[in-house]
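Q: Need the 3D shape of this:
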Amino acid sequence: MPSSPAVSVVVPLYNEEDNVVEMQQQIDTALRGLDYELVLVDDGSKDQTLARVQPGPRVRVMVFEKNSGQSAAMHAGIHSALGDVIVTLDGDLQNDPADIPAMIAKLDEAPGYDLVCGYRAKRKDTAFKRLQSRIANFVRSRFVGDHVRDTGCTLKVMRRDCREALLLFNGMHRFIPALIRNMGWRVTEMPVNHRPRIHGVSKYGFGNRALRATMDMFGVRWLNSRRTRYVIREERRG
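A: From the prediction side, this is the model:
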């Protein structure tokens with residue numbers, strides 16, 4: 001594996017023993033011919049996820065000491081990535097790696113973008129889950145101004161410089177577009193495939209995220225109102 005691959009694919013894993021092998025195979029098929037690395041972040045899995053990871057020259061594995069949450073896993077993987085382009089996706093096979101090449105290509109479409117967010121045009125979830133997600137996305141998008149219809153879709157492609165906008169807090173992964181857009185980078189979205197979960201169970205539900213997400217919205221809105229960015233024109237010595 002070269003020291004600086006063109007693309008880094010970051011996947012947080014938590015108890016995905018029945019999905020990880022197939023997920024790796026699908027990523028390899030989708031990115032065949034591309035110079036990429038696969039960064040797997042195990043968020044304290046209690047099953048055989050780690051044992052079933054397929055080692056290889058493209059694969060790096062980060063193992064948390066204990067379960068720290070999806071935001072922590074994504075933050076760690078993104079900030080350790082070596083590629084100029086960073087891809088994030090779930091490890092449960094609901095995101096389709098076949099969408100990744102088109103999303104990478106979209107970065108260079110006029111006028112040029114820094115973050116491409118996937119949105120699940122045809123979600124394979126229950127009616128109740130689709131409804132609650134639609135309401136949450138509507139409220140969040142207008143409150144924090146990210147102009148993204150489906151921030152819950154983990155499949156995203158960004159230029160590496162964008163990661164400086166990502167401050168770690170519980171729930172950060174829901175506000176990646178808001179944090180990046182606020183720092184002046186160009187954000188767009190495109191439809192992606194969404195597949196039903198075949199193995200395992202969802203780790204997140206309405207009860208364990210509704211209140212926290214609401215509180216996070218107020219925090220992110222305040223944070224974005226106070227953030228600033230600078231560009232160094234030149235540096236002199238002597």
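Q: which element is the closest residue to residue 175 other than its chain neighbours on?
A: By the measure of C-beta to C-beta, 6 or more residues apart in numbering, the closest residue to residue 175 outside its immediate chain neighbours is residue 220, 4.8 Å from it. For the C-beta atoms, the positions are set from N, CA and C on the backbone; glycine is no exception. Remark: residue 220 resides in helix 210-226, with elements defined by DSSP states H and E.
Q: For that helix, list every residue counted as buried.
A: In terms of neighbour count (16 or more other C-beta atoms under 10 Å), helix 210-226 has its buried residues at 213, 216, 217, 220, 223, 224.
Q: Same question for stretch 159-175.
A: Residues 159, 160, 162, 163, 165, 166, 171, 172, 173, 174, 175 are the ones in stretch 159-175 that count as buried (16+ other C-beta under 10 Å).
Q: and which of the residues you listed is nearest residue 73?
A: residue 173 (8.7 Å; C-beta to C-beta).
Q: for the closest residue to the closest one other than its chain neighbours, what are its contacts?
A: Leaving out its chain neighbours, the residue that sits closest to residue 173 by C-beta to C-beta, 6+ apart is residue 71, at 4.7 Å. With contact set as C-beta atoms under 8 Å, 6 or more residues apart in numbering, residue 71 has these partners: 168, 169, 170, 171, 172, 173.
Q: And for residue 110?
A: Residues touching residue 110, when contacts are defined by C-beta under 8 Å, 6+ apart, are absent altogether.
Q: quick one on the thing from earlier: how much space separates the residue nearest to residue 173 from residue 56?
A: Taking C-beta to C-beta, to the nearest Å as the measure, residue 71 falls 27 Å from residue 56.
Q: And for residue 186?
A: Here the distance between residue 186 and residue 56 works out to 34 Å (C-beta to C-beta).
Q: And the two? Which one has more around it.
A: For residue 186 and residue 56, the more surrounded residue by other C-beta atoms under 10 Å is residue 186, and the numbers stand at 15 against 11.
Q: Please work out which residues outside stretch 17-31 touch it.
A: The contact list for stretch 17-31, computed with C-beta under 8 Å, 6+ apart, reads 7, 9, 11, 13, 16, 38, 40, 45, 47-49, 51-54, 58-59, 91-93, 96-101, 198-200.
Q: Which residues are in contact with the residue positioned nearest the centre of the chain?
A: The centre of the chain sits closest to residue 88, judged by C-alpha atoms, centre = their mean, with a distance of 3.6 Å. Residue 88 is in contact with 9, 10, 11, 74, 77, 78, 154, 155, 156, 158, counting by C-beta under 8 Å, 6+ apart.
Q: repeat for residue 61
A: For residue 61, the contact set (C-beta under 8 Å, 6+ apart) comprises 40, 41, 42, 50, 53.
Q: just the strands in the protein please.
A: Remark: strands of the chain, listed N- to C-terminal, are 7-13, 36-42, 59-63, 85-88, 115-120, 156-159, 187-192; assignment by DSSP state E.
Q: Looking at the residue nearest to residue 175 now. What's its pLDDT?
A: Per-residue confidence at residue 220 stands at 74 (pLDDT).
Q: With only the CA atoms kept, save stretch 23-35 in CSV.
A: Taking only C-alpha atoms (Å, rounded to 0.1, in the frame of the first residue of the first chain), the coordinates of stretch 23-35 have been written out as CSV:
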residue,chain,number,x,y,z
MET,A,23,-18.7,-5.4,3.0
GLN,A,24,-15.0,-5.7,2.3
GLN,A,25,-15.6,-7.6,-0.8
GLN,A,26,-18.1,-5.1,-2.1
ILE,A,27,-15.8,-2.2,-1.5
ASP,A,28,-12.9,-4.0,-3.3
THR,A,29,-15.1,-4.7,-6.3
ALA,A,30,-16.5,-1.1,-6.4
LEU,A,31,-13.1,0.5,-6.2
ARG,A,32,-11.1,-1.9,-8.4
GLY,A,33,-8.5,0.1,-10.3
LEU,A,34,-8.4,2.9,-7.7
ASP,A,35,-5.6,3.6,-5.3
